[in-house]
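Engineer: got a sequence here, can you model it:
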Amino acid sequence: MAGYIRNIVNNQNVTSQATLIRGATILSMDENIGNIERGDILINGSTITAVGQNLDVPGAQVINATNMIAMPGMVDSHRHAWEGQLRRINPNATCLDDYSNATHFSFAKYYRPADIYVGNLLTALGAIDAGITTMIDNSHNSRTAAHADAAVEALLDTGIRAIHASGAPVAGEWDKAHWPGNWQRLQEKYFTDNPESLVTLAVMAQLEPELWAEARRLGLSIVTEFFGAEMGAELESLHQQGLLGPDNIFNHCTALPDRGWEILREAGVRVNVCPRSDSHYGIESGMFAIEAAQRHGIKPGLSVDNETSYSTDMFMEMRVAFYLQRVMGMHQQQCCDAEQTLKTLPAAQLLKAATIDGAACAGLQEKVGSLTPGKQADLVLINASDLNLYPSGNAFGTVVHAAERSNIDTVMIGGRIVKQNGKVLGVDSARLRAAIDESREHLFAASGYQPDIFADAFLPLEQAD
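Structural biologist: This is a model prediction of the structure:
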């Protein structure tokens, strides 16, 4: 598969007919609307036009949502979508070097544009299946302009709402001549004349003021992998120079001192935290940073980060966040006599982090993240009558502590149904699997990897260049 054919997904129709979701338990995530035990949602085209009770619209297409929970689509604030075909190749990774050995230092070097397309396509479809309707795609393997095009086209083809943050590779040979000019080229090719696109552009860059300046010239948000005392020590200087602002999106934000958080708040930097990733890869203490963020008036989104070690599951992200927060609070309270003990995160607050707070991290809070009239119709219907969920004693508890991908009956993005009756629509499964298999065979052969589906560890294939 030297190139790629965009014939795997075909589901791009938006109905002009009004759609009425009737009889759902509604978790709106909008303080003004609140929660409704049994209510209706009216959608016209791509937009929510009413949320309430006993709505009646003659001629509307009716979705019977009795015994379903309606909620906003979830937002994954940080995902390396290009790694889709490397799912769970490294389940026992213990550090960032382990992660890099199975991505940047090995397979990433041999990605063709077709492999980027397949990885992004698979990740985005998996996200939709799991009720994630918006994703910030941290694409740090843009080896050539063609690779960047493939990543964008895959996102466009799936129908997910996404911010594509194009970033430089970490290792191996790549076409540096297209960097950072590729950002303007992408903007002009895919986005300048398409303001209604579900996919928009950002950039991925570390603490690199020259690249930040180019991103700002183009009006693009800047995504940065940010963690540790060393990077935290740079904040004061960056802030004094006026280089931090609301167009910055920082991932992780572990091990920051209080002054670091104060700077992020003062500058308006957007933040996401990574409950599973931080603990799985032993980043700093392994504890994600939501408590510190909230203590300083910042409401971070949640992010999955990658699938090379675990699942694409935001339900699990919320649960891991709950239990890590709980156990660390108990530990500090009982063992350390800490002045600031970590507090339990209520289920409603966790769902807020996975929806409206994630939308704010993406800069999309005016469009998505809550079931609010005037916003885009990005929503999820969870079948609360399923055996593992019924009876639903608490709606937030059902979603956060019990629901699974299999309980998602319907997913809608921008008024278009992309998952219905538990099945992602418009996907040619045979073509998708064939493309994934071909990509994996190429990457494994090119890197000299011998697959072992029972391996305890992913052994380094090559060292970083």
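Engineer: what about the helices in the stretch 351-465 of the chain?
Structural biologist: Assigned by DSSP state H, counting those that start in this stretch, the helices in the stretch 351-465 of the chain fall at 356-361, 395-401, 429-447.
Engineer: point out the most buried one among these.
Structural biologist: Ranked by mean neighbour count, the helices of the stretch 351-465 of the chain are led by helix 356-361 with a mean of 27 (mean count of other C-beta atoms under 10 Å). C-betas here are computed from N, CA, C, even on glycine.
Engineer: starting at the chain centroid, how far to that one?
Structural biologist: 11 Å (C-alpha atoms, centre = their mean, to the nearest Å).
Engineer: and for stretch 278-296?
Structural biologist: On C-alpha atoms, centre = their mean, the centre of stretch 278-296 falls 18 Å from that of its chain.
Engineer: same thing with stretch 301-308?
Structural biologist: That offset, for stretch 301-308, works out to 6 Å (C-alpha atoms, centre = their mean).
Engineer: again, but for stretch 287-301
Structural biologist: Centroid displacement of stretch 287-301 relative to its chain, using C-alpha atoms, centre = their mean, is 18 Å.
Engineer: that stretch spans what distance, first to last residue?
Structural biologist: Distance between the two ends of stretch 287-301: 15 Å, counting by C-alpha to C-alpha, to the nearest Å.
Engineer: ok, now stretch 85-103?
Structural biologist: One end of stretch 85-103 to the other measures 11 Å (C-alpha to C-alpha).
Engineer: gap between it and the chain center?
Structural biologist: Relative to its chain's centre, stretch 85-103 lies at 19 Å (C-alpha atoms, centre = their mean).
Engineer: average pLDDT across it?
Structural biologist: Summarised as a single mean, pLDDT over stretch 85-103 is 96.
Engineer: now the helices of the stretch 351-465 of the chain in TSV, with mean pLDDT and distance to residue 173?
Structural biologist: TSV is the format used below for these (pLDDT from 0 to 100; distance: least, C-beta to C-beta, whole Å):
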stretch	mean pLDDT	distance to residue 173
helix 356-361	98	33
helix 395-401	98	45
helix 429-447	98	13
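Engineer: TSV for those helices, including distance to residue 214?
Structural biologist: Converted to TSV, the helices of the stretch 351-465 of the chain look like this (distance: least, C-beta to C-beta, whole Å):
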stretch	distance to residue 214
helix 356-361	22
helix 395-401	40
helix 429-447	31
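Engineer: residue 40: which of the ones you listed is closest?
Structural biologist: Closest to residue 40 of these is helix 395-401 (C-beta to C-beta; 16.1 Å).
Engineer: could you list every helix and strand in contact with the closest one?
Structural biologist: Using 3 or more C-beta pairs under 8 Å, 6 or more residues apart in numbering; DSSP states H and E, the elements in contact with helix 395-401 are strand 19-27, strand 68-72, helix 314-331, helix 347-354.
Engineer: single out the most deeply packed of the ones you listed.
Structural biologist: Burial of these is given as mean neighbour count (mean count of other C-beta under 10 Å); strand 68-72 ranks first at a mean of 27.
Engineer: if we can go back for a sec, possible to save the helices and strands packed on helix 395-401 as a markdown table with distance to residue 260?
Structural biologist: Listed next are the helices and strands packed on helix 395-401 as a markdown table, based on distance: least, C-beta to C-beta, whole Å:
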| stretch | distance to residue 260 |
| --- | --- |
| strand 19-27 | 33 |
| strand 68-72 | 30 |
| helix 314-331 | 19 |
| helix 347-354 | 20 |
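Engineer: out of the ones you listed, which comes closest to residue 418?
Structural biologist: Closest to residue 418 of those is strand 19-27 (C-beta to C-beta; 13.5 Å).
Engineer: tell me which residues in the helix or strand following the closest one are buried?
Structural biologist: Downstream of strand 19-27, the first helix or strand assigned by DSSP states H and E is strand 35-44. Neighbour counts over strand 35-44 (16 or more other C-beta atoms under 10 Å) mark 36, 39, 40, 41, 42, 43, 44 as buried.
Engineer: can you state the direction angle for strand 35-44 and strand 19-27?
Structural biologist: Orientation note: strand 35-44 sits at an angle of 160 degrees relative to strand 19-27 (axes from the mean of the first three to the mean of the last three C-alpha atoms, to 10 degrees).
Engineer: give me the residues contacting strand 35-44.
Structural biologist: The contact list for strand 35-44 (C-beta atoms under 8 Å, 6 or more residues apart in numbering) reads 18-28, 48-55, 57, 60, 70, 371, 377, 379, 395, 412, 415.
Engineer: what's downstream of that strand, the next helix or strand?
Structural biologist: strand 47-52.
Engineer: sheet partners, orientation included, of the helix or strand harbouring residue 133?
Structural biologist: Taking DSSP H and E as the definition, one finds residue 133 inside strand 132-139. Strand 132-139 has its sheet partners listed here by DSSP bridges as strand 74-79 (parallel), strand 161-167 (parallel).
Engineer: highest average neighbour count across those strands?
Structural biologist: Of these, strand 74-79 is the most buried (mean count of other C-beta under 10 Å), at a mean of 30.
Engineer: moving C-terminal from that one, which element do we reach first?
Structural biologist: Criterion used, DSSP H and E; the element after strand 74-79 is helix 96-101.
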